[in-house]
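Peer 1: Got a predicted structure plus its sequence, pasted below:
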Amino acid sequence: MMTQDHKYHGLGLVFIATSCWIMLMSESVLLSRIQGEMSKSLDSLRDKQHAEVQDLLYFLRQSKLSSSPLSSMDASVKFVKSFPFPAYIMSPSMGIVHANAKFSSLLGYKEKELTSTPVSRINNKVLMSEVGSLLSKPPYTDQINLSMRYIYKHKEGNDVTGSLHLVKIPDGNFFMLFLPDSNNIFSDNEIKNMLT
């Protein structure tokens, strides 16, 4: 026969077990909330870290392009766009890869109008042929930098005379810098007259 003490003792054990179960469930819910918050925080940190790594890679890429402006096609085009003098990039197949605004304007074209067109469009054909023949022979074939007097054709047909400087880019393209005589402080004749 169960005594009154045993009843209360059994009931006390049930209450203790129930309260322990409730405490464990509360702890479990609290721990899963903490785990959820930590997962969100980690995901947020991962996203932020990913964005920072992308920014760093972009910065390093741009720094590399800036430190070696004629090392590749991308670097050369970026360099020509910001170059303060008339310039363009020419491909080995004699096409204009990119002409900057100053060069396009000098020859009467709008910005980007010369990009992706053949250089024959702006060249004096006889002069271009002679220069091409000469540059394909030694000692010019091995030279990285070349300078010469040159004539380009304006959109309206007249000649634009100046000094052409070309630099061979490692990827096979050419950086072309053209300084028109119209920008010279003194003409060749004025210099000769000064010195005589």
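Peer 2: Great, that's in hand. As the structure is a computational prediction, the values presented were derived from the model and not from experiment.
Peer 1: Show me what the longest helix anywhere in the chain is packed up against.
Peer 2: When secondary structure is assigned using DSSP state H, the longest helix within the chain turns out to be helix 4-67. Applying 3 or more CB pairs under 8 Å, 6 or more residues apart in numbering; DSSP states H and E, one finds that helix 4-67 contacts helix 73-82. C-betas here are computed from N, CA, C, even on glycine.
Peer 1: quick check, distance from the helix it packs on to the centre of its chain.
Peer 2: Distance of helix 73-82 from its chain centroid, counting by CA atoms, centre = their mean, to the nearest Å, is 8 Å.
Peer 1: quick one: contacts for the closest residue to Lys81 other than its chain neighbours?
Peer 2: The spatial neighbour of Lys81 that comes closest, neighbours along the chain excluded (CB to CB, 6 or more residues apart in numbering), is Asn100 at 5.9 Å. Shown in contact with Asn100 (CB atoms under 8 Å, 6 or more residues apart in numbering): 80-81, 83, 86-88.
Peer 1: Pull the number of nearby residues for Ala87.
Peer 2: When counting by other CB atoms under 10 Å, one arrives at 21 neighbours for Ala87.
Peer 1: phi, psi of it?
Peer 2: Main-chain torsions, Ala87, degrees, to the nearest 10: phi -160, psi 160.
Peer 1: what does the model give it for pLDDT?
Peer 2: Reading off the confidence values, Ala87 has pLDDT 93.
Peer 1: you'd agree it is up against Met176?
Peer 2: Yes: contact criterion CB atoms under 8 Å: Ala87 and Met176 qualify, at 6.2 Å.
Peer 1: Against Glu113, how distant is the residue lying closest to Pro92 once chain neighbours are set aside?
Peer 2: In space, not counting the residues next to it along the chain, Pro92 is nearest to Gly172; the distance is 4.8 Å by CB to CB, 6+ apart. For Gly172, the distance to Glu113 equals 24 Å [CB to CB, to the nearest Å].
Peer 1: more neighbours, those two?
Peer 2: Looking at Gly172 and Glu113 with other CB under 10 Å, you find the greater number of neighbours at Glu113, namely 16 against 10.
Peer 1: so the more buried one makes contact with Ser104?
Peer 2: Yes: with contact defined as CB under 8 Å, Glu113 counts as touching Ser104 (5.9 Å).
Peer 1: Can you pull the domain assignment for this structure?
Peer 2: Listed by automatic domain parsing, the domain ranges of the chain are 1-67, 73-189.
Peer 1: ok, back up a step: okay, angle between the longest helix of the chain and helix 73-82 too, please.
Peer 2: Between the axis of helix 4-67 and that of helix 73-82 there is an angle of 70 degrees, by axes from the mean of the first three to the mean of the last three CA atoms, to 10 degrees.
Peer 1: For Met148, the count of nearby residues, please.
Peer 2: Summarising burial for Met148: neighbours were counted as other CB under 10 Å, giving 13.
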